[in-house]
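In: Whatever this is, show me its structure:
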Amino acid sequence: MLHRVEGIVIRSMDYGEGNVIITLCTENAGKVGVLVRGAKKVKSRHAALIQLFTVGQFVFFRTNGGLGTLNSGEIIHSHHPLREDLIKAAYASYACELLDRVLHDDETGSFWFRQLSACLNALQDNKEPSVIINVYEMKILQTAGYGPQLDGCVICGEEKPDEQLLLSPRLGGVLCRSCKHNDPPAMEVSPRALKLLRLFARLDLNRLGNVDVKESTREELKLIMRAFMDMQLGLKLKSQNFLDQLDKYNI
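Out: Numbers count the residues shown, from 1 in each chain. Okay, here's the model as predicted:
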């Protein structure tokens, strides 16, 4: 059967001599794999379509829900600037790999497609990459059913002043100090960081403006979101390791 979809290339893998299998996050058909024959050959007309972060119209044959075979395609947004910048490419790769690991094959992908598209656009528009990724991670957690509870204490439900709250990635939200014994390693959190986390939980990436966050708060948010992602999803991502290396060398 012939399919026509709008999709974003979130993974590209060499297959055989000159062929490539791309994984697409599509707006209406979920996540699909498509074989692109001869894509690695010098004169291939599909060479540009297999690049990570590329948004395009893809036409492919597919039977019985298996691997598709590309017939034709047209680029909508190449996102070429993302691939030229080491920092942007690292964050964009993380966004794509994270979605690839969370999104199941053929799962309805409209929301995921919109959020990833907004994430890539924001990175290309030079918005603060760590803030963009934190908002994106929050959307991933929420849609996967692990969105943190950021108002009332996850144990007693009471709403306390921000200065009296901790964060418990293990329990999935804020923890008042009276309930700290339920999770002694719960993290300290500044009122500023907690306010931003609540903003991230409400915010749609498509409406993300230029959020001014000082460096110390960005570092705090990075640690908090990493703790939640590790505890709630437990994914080991190659792109995350690369981001850690960039942090290590202050790149």
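In: Can you give me the neighbour number for E84?
Out: Neighbourhood size, E84 [other Cβ atoms under 10 Å]: 9. (Glycine included, C-beta is placed from N, CA and C.)
In: Repeat that for V32.
Out: Using other Cβ under 10 Å, V32 has 23 neighbouring residues.
In: my read: it touches I8, true?
Out: No - between V32 and I8 there is no contact under Cβ atoms under 8 Å: 11.4 Å.
In: list residues touching both of those two?
Out: 24, 26 (Cβ atoms under 8 Å, 6 or more residues apart in numbering).
In: so where's the stretch 101-250 of the chain uncertain?
Out: Applying pLDDT under 70 to the stretch 101-250 of the chain picks out residues 105-109, 250.
In: Strands of that one, residue ranges please.
Out: Assigned by DSSP state E, counting those that start in this stretch, the stretch 101-250 of the chain shows strands spanning 165-168, 173-176, 187-188.
In: would CSV of these with mean neighbour count and distance to F111 be doable?
Out: Below are the strands of the stretch 101-250 of the chain laid out as CSV (neighbours: other Cβ atoms under 10 Å; distance: least, Cβ to Cβ, whole Å):
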stretch, mean neighbour count, distance to F111
strand 165-168, 23, 26
strand 173-176, 23, 22
strand 187-188, 12, 29
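In: Dump those into JSON lines; add distance to D85 as well.
Out: Below are those laid out as JSON lines (distance: least, Cβ to Cβ, whole Å):
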{"stretch": "strand 165-168", "distance to D85": "32"}
{"stretch": "strand 173-176", "distance to D85": "35"}
{"stretch": "strand 187-188", "distance to D85": "32"}
